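**Student:** For reference, the sequence and a predicted model appear below.
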Amino acid sequence: MKTIFLYPLILLFFIFPLNAETNKQKEYGKYDFYSKCLDDALPRTMNNGLVYECSMKSKEEIDNLIQEKISSKGECDKKGFESHACSLKRSQKAFKTYYQTECTWNKYGTMYSYCEMMLKKDRLKWLDKTLG
């Protein structure tokens, strides 16, 4: 007789945490565009096409934020000493060469866009720290 009352309690014990897990709103980091894209695409099957699609969307968002950060320091004035804006533009050109070189061996697969996105995400985090 006691077991009849015990089974529903045990069942509730397992259902409530599961329910709490599914109702919980997922929080993303500041630049987690890729993770959010993948989660928004569910229940689609994870495949190379989805990785490519989310990498490209994320890369576009990150590119815009990088440009915004760099252009926030003003125009590059070539008179006299190199300004901070000129230094940033020069370092961005060097960074472009870096990620193109680093990701080249994956250029013809879907991983090139993922590689580029991850390196640009790191660059954006670095710009956040250095530019404030």
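**Tutor:** Done, it's in.

**Student:** going forward, measure contacts between C-alpha atoms and count neighbours the same way
**Tutor:** Noted.

**Student:** okay, the residue sitting nearest the centre point of the chain: pLDDT?
**Tutor:** Nearest to the geometric centre of the chain sits Asp32, at 3.6 Å (CA atoms, centre = their mean). Here, the pLDDT recorded for Asp32 equals 91.

**Student:** SS state for Tyr28?
**Tutor:** coil (DSSP: H, G, I helix; E, B strand; the rest coil).

**Student:** Give the closest residue to it in space, chain neighbours not counted.
**Tutor:** Lys36 (7.0 Å; CA to CA, 6 or more residues apart in numbering).

**Student:** Could you look up the SS state of the one you found?
**Tutor:** Per three-state DSSP, the secondary structure class of Lys36 is helix.

**Student:** State which helix of the chain is the longest.
**Tutor:** helix 48-71 (DSSP state H).

**Student:** contacts for that one?
**Tutor:** If you take CA atoms under 8 Å, 6 or more residues apart in numbering as the criterion, helix 48-71 is touched by 31, 33-34, 37-38, 85, 88-89, 110-111, 113-114, 116-117, 120-121, 123-124, 127, 131.

**Student:** ok now that helix, how far from the chain's centre?
**Tutor:** 8 Å (CA atoms, centre = their mean, to the nearest Å).
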